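[1] what would the 3D arrangement of this be:
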Amino acid sequence: MITALLALAWTAAGLAALAALMTAFNLLTWPRGRQQVRHPGRVSVLVPARNEEASIGACVDALLAQEHPLHEVLVLDDGSTDRTAEILAARASDPRLRVLTGDGLPDGWVGKPHACHVLGHEATGDLLLFVDADVTLDSAAVGRIAALLDRHRADLLTAVPGQVTGSWMEHLILPLLHLTYTAWLPLVLIHLTQDPRFLAANGQILAVRADAYRAIGGFEAVKNEVVDDMAFCGAAKRAGKRVLFADGSTLARCRMYASPGEVWRGFSKNLYEGLGESPLRLLAVGSVYFLAFIAPFLLLPLALAVPLLAVPALVGVGLNVVTRVALAVRFGHHPLGVLGHPIAVVLLLGIALNSWRWARRGQIEWAGRTYAARSARGA
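    Residues are numbered from 1 along each chain as shown. Predicted coordinates:
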C-alpha cells in the first residue's frame, strides 16, 4: 500500500513538474501583439451577435475607434430577442458599420459557424477579422494583429484575449483556460508545423487572409461543429495554411461568462467535443488533471501518517502554486483562482462529466438552441 502511494505521489509530482516547465517555456515564447504595422489591404471586421445587449455596444465602439483604418465593420444580428438591434441602430451613423439580420438557422448548421459564414460571404476585405460580441479590442489591436501575421508569415491568427471575471465561478474556472493552453503543448509548434495534431485555438479573436479563407472553404467547411474554432484552424492546417496561436492579452479583453451558471453551461457545451467526443480521451485527460493538479494536495496531509510521501507531495504542491502564480502575474488572474486551484480543477472535471452527459443524450444547449451530439450531426 505504501509503495503504491509513493509511486502515485512521484507520478503526480512528475506531471506537475512537466506542466510547470512547459508553462515556463510557453510564457517565454508565446507570441504577443506589441508592435503595430499597417495592413496593405482592406480590413473587414466581422461580429456574430445573438442576444448580446450587455456587450455589443462596447464591442462595436472599440472597433470603430481603432487606430488602424478599417474598410468595414459587419455585425450579424442572429435572431436576437433583447436590445441588441436597438444598440446597434444607435451607432448606424458611422458609414463603416453595416448591420445584417439573420434569417434563421438552416438544417445541418450550428449557430455560430452559420453566422460567421454569412458575414464572410458579405465581407469585401483582404483580411477578415472575426471578433466575438463580448470582446473589446484595444485601440491598437488591429495593427498588432497585422504585425503578428506579417512577422510569423501566417495565413490565420487565433488569439486568447485577456479574460475578465466577476463571480467566484469565473475566478476559479476561467484561469484554467491559460493553464490548459500552456501546460501540455509547446505552443510554438502550432505555427512551426502544419500537423493538425499540434493545435490550440480561440475563436474570440480570429483573423484570416481572404484568399486563405476561401481555400479553407470558409465556415461552411465546419458548419456542424460546436467547437468551431478548433475545427476551422484544423481545416486551415489541412489546407496547407500556417496558423498562429497568439497571446491576445495585449489585444483585447473579454467577459466570456457573467455567472456561475453560464460558466457551467458554456464549458459543458464544448469540452467533451473538444476532446474528440472520445470517452477514453476524456478519461485519460481527466486522470492527468487529477494526478497533476489535485493529487498532491490530497497526499500532503497523508504525509503526516506516511512521512515518505512528504517530499513528492510538497514538490507537487509547490510546483502547482508556482505555476498558478506565474500565470496570475502574466494574465492578471484573481487571487481566488490561485488559492482555490485544486477546487477549480475538481469543478472542471465535474463540467467535463456534464459535457459528456449532454453529448450522450444528444442535448447540447447554447444561446437558446439545442444541438445533437457531434456524431449524430455528421461532423
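[2] state which helix of this structure is the longest.
    Identified as the longest helix of the chain according to DSSP state H is helix 2-29.
[3] and it, which residues are buried?
    By neighbour count on 16 or more other CB atoms under 10 Å, the buried set for helix 2-29 is 5-6, 8-10, 12-17, 19-20, 22-23, 26-27. (Glycine included, C-beta is placed from N, CA and C.)
[4] same check on stretch 247-262?
    Result for stretch 247-262 [16+ other CB under 10 Å]: buried residues Asp247, Gly248, Ser249, Thr250, Leu251, Ala252, Arg253, Cys254, Arg255, Met256, Tyr257, Ala258.
[5] same deal with stretch 85-104?
    Ala85, Ile87, Leu88, Arg91, Leu97, Val99, Leu100, Gly102.
[6] helix/strand/coil for Thr136?
    Put simply, Thr136 is strand when judged by DSSP: H, G, I helix; E, B strand; the rest coil.
[7] and it, what are its bridge partners?
    Arg253 (DSSP bridges).
[8] pretty sure it is touching Cys254, no?
    Yes. At 7.3 Å, Thr136 counts as touching Cys254 under the criterion of CB atoms under 8 Å.
[9] show me how far stretch 226-233 is from its chain's centre.
    Distance of stretch 226-233 from its chain centroid, counting by CA atoms, centre = their mean, to the nearest Å, is 10 Å.
[10] can I get it in PDB, CA atoms only?
    This file holds the C-alpha atoms of stretch 226-233, laid out as PDB (Å, rounded to 0.1, in the frame of the first residue of the first chain):
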ATOM      1  CA  VAL A 226     -19.800  23.300 -31.900                       C
ATOM      2  CA  VAL A 227     -16.100  23.700 -31.300                       C
ATOM      3  CA  ASP A 228     -15.800  25.700 -34.500                       C
ATOM      4  CA  ASP A 229     -12.500  27.500 -33.700                       C
ATOM      5  CA  MET A 230     -10.500  24.300 -33.300                       C
ATOM      6  CA  ALA A 231     -12.300  22.800 -36.400                       C
ATOM      7  CA  PHE A 232     -11.700  25.800 -38.500                       C
ATOM      8  CA  CYS A 233      -8.000  26.100 -37.600                       C
END
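[11] what comes into contact with it?
    110, 112-113, 116, 156, 158, 199-203, 206, 216, 219, 221-222, 225, 243, 245, 269-270, 273-274, 364, 366, 371, 374, 379 (CB atoms under 8 Å, 6 or more residues apart in numbering).
[12] quick one: contacts for the residue lying closest to Gly340 once chain neighbours are set aside?
    Leaving aside its chain neighbours, Gly340 sits nearest to Leu172 (5.3 Å; criterion: CB to CB, 6 or more residues apart in numbering). Contact analysis of Leu172 by CB under 8 Å, 6+ apart lists Leu336, Gly337, Gly340, Ile343, Ala344, Leu347.
[13] now with 10 Å?
    165, 260, 263, 333-334, 336-337, 339-341, 343-348 (CB atoms under 10 Å, 6 or more residues apart in numbering).
[14] check Arg91 too.
    Ile56, Gly57, Val60, Asp61, Leu63, Leu64, Val73, Val75, Leu97, Val99.
[15] now for those residues: which two are most distant?
    Asp61 and Val99 (14.3 Å; CB to CB).
[16] now do the spatially most central residue of the chain against Asp247, distance only.
    Most central residue of the chain, judged by C-alpha distance to the mean C-alpha position with CA atoms, centre = their mean, is Asn202 at 3.5 Å. Separation of Asn202 from Asp247 (CB to CB, to the nearest Å) stands at 10 Å.
[17] give the residues shared as contacts by these two.
    With CB under 10 Å, 6+ apart as the test, Asn202 and Asp247 both reach Ala159, Val160, Pro161, Tyr181.
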